[in-house]
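Chemist: pasting the structure only:
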């Protein structure tokens, strides 16, 4: 088994005043926002370097689109997209997250040096996933998801139940609470109104006692308000993520790294004791 790269993972335990920025690195032809832009290795590696230069704390590497309506791909196809760049991205020295709900993909990526598994089904899709994460000793992001939106449900209660199930699976597998992260899943199985209900009450998710991740970058909830196409959703995305950070998000997952890093740094400045004479 390859030796995991020896670098410190950012702290998600509330001791840092600055939320962390997870840069999105999709090597897919059909992701909702940047599908095809970085599907070839040279473009993907160039984009990874750009995000690191812009201050990304984490790179989130994904080989399968999970946008609504996307077609699932086989394990072999997903791995064929990730494998050509995985070692080189890990060697860049920024912590790498693997965005997958397939346990075998997670196993291979963690053996190569990925230090976070970002599972859009919260350990509930692949029954082997929790054990794989526990064996690897990595962090895990457990995201809330639904097969379809249902406007009639209380979405916050649904998220709470989902999180309790995910946390139980993680606990039983031996994943320590210090390595568990929760993501309410903006845009996944939710109506526009439900997405904003989650944002407006984001702070209530802190009751689960785990770090929170927010990922609304360029999503439909932004476009619906601004009547903006994908390429014009930057400022709306930053606004949603700033709201989430103010309400307790420890990590934001974003396509546009530099603006989010600047936003997080300015938020950090408001939280630090200032020298009155300065």
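Modeler: Here it is on my side, so go on. Quick caveat: nothing in here was measured; it's all calculated off a predicted structure. Residues are numbered from 1 along each chain as shown.

Chemist: in the stretch 51-200 of the chain, where is pLDDT below threshold?
Modeler: 67-70 (pLDDT under 70).

Chemist: what sits against the closest residue to residue 174 other than its chain neighbours?
Modeler: Among residues not flanking residue 174 along the chain, residue 134 sits closest, at 4.3 Å (Cβ to Cβ, 6 or more residues apart in numbering). C-betas here are computed from N, CA, C, even on glycine. Residues in contact with residue 134 (Cβ atoms under 8 Å, 6 or more residues apart in numbering) are 170, 173-175.

Chemist: is it true that residue 260 touches residue 244?
Modeler: No. Contact criterion Cβ atoms under 8 Å: residue 260 and residue 244 do not qualify, at 11.0 Å.

Chemist: quick one: common contacting residues for those two?
Modeler: With Cβ under 8 Å, 6+ apart, residue 260 and residue 244 have common neighbours residue 252.

Chemist: and residue 181, that's in a strand?
Modeler: Yes. Counting by DSSP: H, G, I helix; E, B strand; the rest coil, residue 181 is part of a strand.

Chemist: tell me the bridge partners for it.
Modeler: Per DSSP bridges, the residues bridged to residue 181 are residue 141.

Chemist: quick check: it touching residue 139?
Modeler: Yes. Residue 181 is within contact range of residue 139, at 6.1 Å (criterion: Cβ under 8 Å).

Chemist: so where do the helices sit in the stretch 1-150 of the chain?
Modeler: 41-53, 75-91, 103-112, 129-136 (DSSP state H, counting those that start in this stretch).

Chemist: what's the closest of those to residue 227?
Modeler: Closest approach to residue 227 among the helices of the stretch 1-150 of the chain is made by helix 41-53 (28.1 Å; Cβ to Cβ).

Chemist: what does that closest one contact?
Modeler: Contacts for helix 41-53 (Cβ under 8 Å, 6+ apart): 23, 25, 27, 37-38, 59, 84-85, 88-89, 92-94, 257.

Chemist: if we can go back for a sec, CSV for the helices of the stretch 1-150 of the chain, including distance to residue 209?
Modeler: CSV is the format used below for the helices of the stretch 1-150 of the chain (distance: least, Cβ to Cβ, whole Å):
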stretch, distance to residue 209
helix 41-53, 30
helix 75-91, 30
helix 103-112, 24
helix 129-136, 18
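
Chemist: give me the buried positions along the longest helix along the chain.
Modeler: Looking across the chain with DSSP state H, the single longest helix is helix 155-173. Of all the residues in helix 155-173, those buried under the rule 16 or more other Cβ atoms under 10 Å are 155-156, 158-160, 162-163, 166-167, 169-170, 173.

Chemist: how far away is residue 210 from residue 249?
Modeler: 12 Å (Cβ to Cβ, to the nearest Å).

Chemist: neighbour-wise, which of these two wins?
Modeler: In terms of neighbours (other Cβ atoms under 10 Å), residue 249 is the more surrounded of residue 210 and residue 249; the figures are 26 against 22.

Chemist: now the closest residue to that one other than its chain neighbours: phi and psi?
Modeler: Leaving aside its chain neighbours, residue 249 sits nearest to residue 214 (4.2 Å; criterion: Cβ to Cβ, 6+ apart). The phi/psi pair for residue 214 (degrees, to the nearest 10) reads phi -120, psi 130.

Chemist: check contacts around residue 214.
Modeler: Neighbours of residue 214 in contact, by Cβ under 8 Å, 6+ apart: 183-184, 186, 202, 240-241, 244-245, 249, 251-253.

Chemist: surely residue 230 meets residue 217?
Modeler: No. Using Cβ under 8 Å as the test, residue 230 is too far from residue 217 to be in contact (10.2 Å).

Chemist: more neighbours, the two?
Modeler: A count of neighbours by other Cβ under 10 Å puts residue 217 above the other of residue 230 and residue 217, at 26 against 15.

Chemist: ok, the more buried one - contacts?
Modeler: So residue 217 contacts 24, 33, 233, 237, 241, 252-256 (Cβ under 8 Å, 6+ apart).
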